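Asker: sequence first, predicted coordinates after that:
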Amino acid sequence: MENNNEPNNQIQIELPEDVAQGIYSNLAIIAHSSSEFVIDFVRILPGLPKAKVQSRIILTPEHAKRLLYALNDNINRFESQNGPISADNSSGFFPPIGNGPIGEA
């Protein structure tokens, strides 16, 4: 007999068409306060002196750590199928990723 009092642990996630197309980013700037992590996704184009933030994601510290674990797991699976990802920044093209505190909301 099925217990109908147990909550359904499935979440239905909707992906609107405009969001499904995605936004290209080739730089992430990460900052944090005591209560949140802020990740700004930026698109830098060659030859242009200015770049705009394309999207900003604000996470609790717990969710930021879960994101770290999920990215690490996915990168490990990708590299096991496709070989190592080179993330060399010796050319100095990309500015350093920010990790200093920001003002709290």
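Answerer: Now that the structure is in, tell me what you want to look at. Given the structure is predicted, the values throughout are model-derived calculations rather than measurements.
Asker: only C-alpha atoms for contact and neighbour calcs from this point on.
Answerer: Fine.
Asker: retrieve the pLDDT associated with residue 86.
Answerer: What the model reports for residue 86 is a pLDDT of 88.
Asker: please tell me how far it sits from residue 43.
Answerer: 20 Å (C-alpha to C-alpha, to the nearest Å).
Asker: out of those two, which sits in the busier spot?
Answerer: residue 43 (17 against 6; other C-alpha atoms under 10 Å).
Asker: where does the residue nearest to the more buried one when sequence neighbours are not counted land in three-state SS?
Answerer: Excluding the flanking residues, the one nearest residue 43 by C-alpha to C-alpha, 6 or more residues apart in numbering is residue 25, at 4.6 Å. Following DSSP: H, G, I helix; E, B strand; the rest coil, we place residue 25 in the coil state.
Asker: residues contacting residue 25?
Answerer: 41, 42, 43, 44, 54 (C-alpha atoms under 8 Å, 6 or more residues apart in numbering).
Asker: need the contact partners of stretch 43-57.
Answerer: 23, 24, 25, 26, 27, 38, 39, 40, 41, 42.
Asker: distance check, the third one against residue 67.
Answerer: Read it as residue 25. 17 Å.
Asker: got it, and the first one?
Answerer: From residue 23 across to residue 67, the span is 18 Å (C-alpha to C-alpha).
Asker: then residue 41?
Answerer: 15 Å.
Asker: next: residue 51.
Answerer: Residue 51 is 25 Å from residue 67, by C-alpha to C-alpha.
Asker: quick one: the helices in the chain?
Answerer: 17-20, 61-82 (DSSP state H).
Asker: how about the CA coordinates for the first one, as PDB?
Answerer: Once side chains and other backbone atoms are set aside, the C-alpha atoms of helix 17-20 remain, and they are given as PDB (Å, rounded to 0.1, in the frame of the first residue of the first chain):
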ATOM      1  CA  GLU A  17      13.200  29.400 -24.400                       C
ATOM      2  CA  ASP A  18      15.200  32.700 -24.000                       C
ATOM      3  CA  VAL A  19      17.200  31.300 -21.000                       C
ATOM      4  CA  ALA A  20      17.800  27.900 -22.800                       C
END
